[in-house]
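>>> Here is the input, now give the coordinates:
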Amino acid sequence: MDLDFLTHTPFWIALGQIIIIDILLGGDNAVVIALACRKLPAEQRRKGIIWGTAGAIILRVILIAFAMTLLALPFLKFVGAILLVWIGIKLLAPDEDAHDGIQGSDKLLAAIKTIIVADLVMSVDNVIAIAGAAQSSGEHQMLLVTLGLLISIPIIVWGSQLVITLMDRFPMIITAGGMLLGWIAGGMLVSDPVFANTEKWLWMPKLEQTKVLQYGAQVVGALLVLAIGKYVASRKPKAAHGSGHA
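Residues are numbered from 1 along each chain as shown. Coordinates of the predicted model:
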């Protein structure tokens, strides 16, 4: 195997860029992972974080291989945005009573599934940044992407455990995490090709891609998750929450 590329500066610059992108984007992942695992028993939290992160990373590598094609598909971001809003609401208003008869392993699998689905949806935009950084190095793009992701895994795992600790102390972080998903969903929805590409899908209304539209959609998404999440939580039986405090 020819390893000459290891002495090329562009390779290391691109790897550094990918690691930085992964760390910056890992903040979102850490919040989602922490939200999904916070209800697990302490001994299962670590498993949920590690397996959820591993599954999400594998899917992200696959996504990156098809990055440019995926982002051109109509309604992909639209559906992804709706899915993220739904996940955000579920995280703000979890089905407490639905877990009564569920085995610990089932809860663990549910948490891992939530992590993978949320990360998959959130990665649709993020993979472009990583793919762009990899392309700047010329060859060995998939090796670069995989290395960058592997290096970022411990950072995301450690970050998730830190966020869970903070959530136990400051429950407001749970609300903020759900709103973060809504924020991402809003920006994703308005940038879907069916709204942004003026040359195709002429039957769909077109949105001028401005900063105002982007921020406005993100704010609306965050507030939508907050409002629906709080409403759904308020409609749940109080007995499940209040019995322990009576």
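
>>> helices and strands of the protein: which one bottoms out on pLDDT?
Least confident helix or strand of the chain, by mean pLDDT, DSSP states H and E, is helix 239-242 with a mean of 44.

>>> and the strand or helix carrying residue 212, what does it pack onto?
Assessed by DSSP states H and E, residue 212 sits inside helix 211-235. In terms of contacts (3 or more C-beta pairs under 8 Å, 6 or more residues apart in numbering; DSSP states H and E), helix 211-235 is packed against helix 76-92, helix 172-190. Bear in mind the C-beta positions are built from the backbone N, C-alpha and C, glycine included.

>>> Which positions in the longest one come out as buried?
Spelled out, that is helix 172-190. 173-174, 177-190 (16 or more other C-beta atoms under 10 Å).

>>> Out of those, flag the one nearest to residue 12.
Distances from residue 12 to these, taken as C-beta to C-beta, are shortest for residue 184 (30.4 Å).

>>> which SSE is the one residue sitting closest to the centre of the chain in?
The centre of the chain sits closest to residue 119, judged by C-alpha atoms, centre = their mean, with a distance of 3.5 Å. In this structure, residue 119 sits in helix 104-135 according to DSSP H and E.

>>> same question for that helix, mean pLDDT?
For helix 104-135, mean pLDDT rounds to 73.

>>> which is the next helix or strand following that helix?
By DSSP H and E, the next helix or strand past helix 104-135 is helix 141-169.

>>> how many degrees apart are that following helix and helix 172-190 in direction?
140 degrees (axes from the mean of the first three to the mean of the last three C-alpha atoms, to 10 degrees).

>>> buried ones in helix 141-169?
Neighbour-count burial for helix 141-169 [16+ other C-beta under 10 Å]: 141, 144-149, 152-153, 155-157, 159-161, 163-164, 167.

>>> isn't residue 192 right next to residue 75, touching?
Yes: the pair residue 192 and residue 75 qualifies as a contact (C-beta atoms under 8 Å) at a distance of 6.5 Å.

>>> Among the two, which residue is more densely surrounded?
residue 192 (23 against 14; other C-beta atoms under 10 Å).

>>> For the more buried one, give me its contacts.
Residues in contact with residue 192, defined by C-beta atoms under 8 Å, 6 or more residues apart in numbering, are 74, 75, 76, 77, 78, 81.

>>> The fifth one - how many residues pack around it?
Residue neighbour count, defined by other C-beta under 10 Å, stands at 19 for residue 78.

>>> Not counting its neighbours along the chain, what's nearest residue 57?
Excluding the flanking residues, the one nearest residue 57 by C-beta to C-beta, 6 or more residues apart in numbering is residue 149, at 5.2 Å.

>>> between the contacts of residue 192, which is closest to residue 196?
Nearest member of these to residue 196, counting by C-beta to C-beta, is residue 77, at 9.1 Å.

>>> per-residue confidence at the closest one?
At residue 77, pLDDT is 78.

>>> now residue 12
78.

>>> from here on, count from 703
I'll keep to 703 as the first residue from here, and by that count the last item is residue 714.

>>> tell me which element it falls in.
Counting by DSSP H and E, residue 714 is found in helix 711-739.

>>> got the angle between that helix and helix 778-794?
40 degrees.

>>> surely residue 859 meets residue 751?
Yes: with contacts counted by C-beta under 8 Å, residue 859 reaches residue 751, the gap being 5.6 Å.

>>> Now tell me what touches stretch 815-827 from outside.
Stretch 815-827 has contacts (C-beta under 8 Å, 6+ apart) with 727, 730-731, 734-735, 738-739, 750, 754-755, 757-758, 761-762, 765, 772-773, 778-779, 782-783, 785-786, 789, 792-793, 883, 886, 889-890, 893.
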